[in-house]
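Chemist: from the sequence below, what's the structure:
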Amino acid sequence: MRLLLLLLALWEVAGRVWPPGPLVPLPSAIVLDAASLLASGELFVHVLRSAVRVALGGGVGAGVGVLVGVALAAGGPGRLFDVPVALARPIPSLAWIPLTLLWFGVGEGQQIAILALATFGVVVAGTRDAIGAVPTAWLQAAENLGASRGARLGVRAQAALPGVLASVAEGFAAAWFVLVAAEFVSATEGLGVLVLAGRDLILPARTFVGAAGLAASAGLTAWALRALRGRLTRWA
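Modeler: I've put the predicted structure just below:
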């Protein structure tokens, strides 16, 4: 934090000594623009709309990703998902924007679909790997102690839970990562729109405000999920 404050101070001083021009805002200009957006309530609206999109898209993607990941790890009929997941995994989620526009039209559904796809790809792989990493010795020990099939499944689920929750957190981070591109397409409110407004209105300070909002929102989400993981896996 001290290093960041020092860099901002040097940026401000250097900018006042050698003005960089209107397209490179000084930290003071960014702070003033952020204060103006806060005072008007506009910044809160943008943050809230983006947060709702990430919550919905990330929630859907994480939920489906966990189910498919469990099916892949279980084998049997779950192997049917192997080939589709393997083929789709290298494809960036943003590559699906044209198809999501055709399927969902221009609106919230399309943006949420992109975020869900971004989250799904991370969570399905993380869930499968977390379950596959459970030591076989633990399951054998449970079986030797006379544990039922349900109890053995419980042991496996408990052992894999920290890894699954970690993959969910990574999935939500991916959703925040692609949010700007998703909102560029059709959104009228959101942090991505705020970033784009810096170009359209020739207000580069606004782009920095939007980027700072994205960083803060993603960081807060990561902190909340990390706290939830710690609460659910106190024994880990």
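Chemist: residue 66: neighbour count?
Modeler: Residue 66 has 22 neighbouring residues, counting by other C-beta atoms under 10 Å. (Glycine included, C-beta is placed from N, CA and C.)
Chemist: ok, and the closest non-adjacent residue to residue 163?
Modeler: Closest residue to residue 163 apart from its sequence neighbours, by C-beta to C-beta, 6 or more residues apart in numbering: residue 130 at 2.7 Å.
Chemist: packing partners for the helix or strand containing residue 212?
Modeler: Assigned by DSSP states H and E, residue 212 falls within helix 204-232. Packing partners of helix 204-232 (3 or more C-beta pairs under 8 Å, 6 or more residues apart in numbering; DSSP states H and E): helix 27-40, helix 42-74, helix 149-186, helix 191-200.
Chemist: what sits against the residue nearest to residue 214 when sequence neighbours are not counted?
Modeler: Leaving aside its chain neighbours, residue 214 sits nearest to residue 191 (5.1 Å; criterion: C-beta to C-beta, 6+ apart). Taking C-beta atoms under 8 Å, 6 or more residues apart in numbering, we find residue 191 in contact with 46, 47, 50, 179, 180, 183, 210, 213, 214, 217.
Chemist: ok, so of the residues you listed, who is nearest residue 224?
Modeler: Within these, the smallest distance to residue 224 is 10.7 Å, found for residue 217 (C-beta to C-beta).
Chemist: distance of the closest one from residue 192?
Modeler: Distance check for residue 217 against residue 192: by C-beta to C-beta, to the nearest Å, it reads 11 Å.
Chemist: the two: which has the busier surroundings?
Modeler: For the pair residue 217 and residue 192, the greater number of neighbours falls to residue 192 (25 against 19), based on other C-beta under 10 Å.
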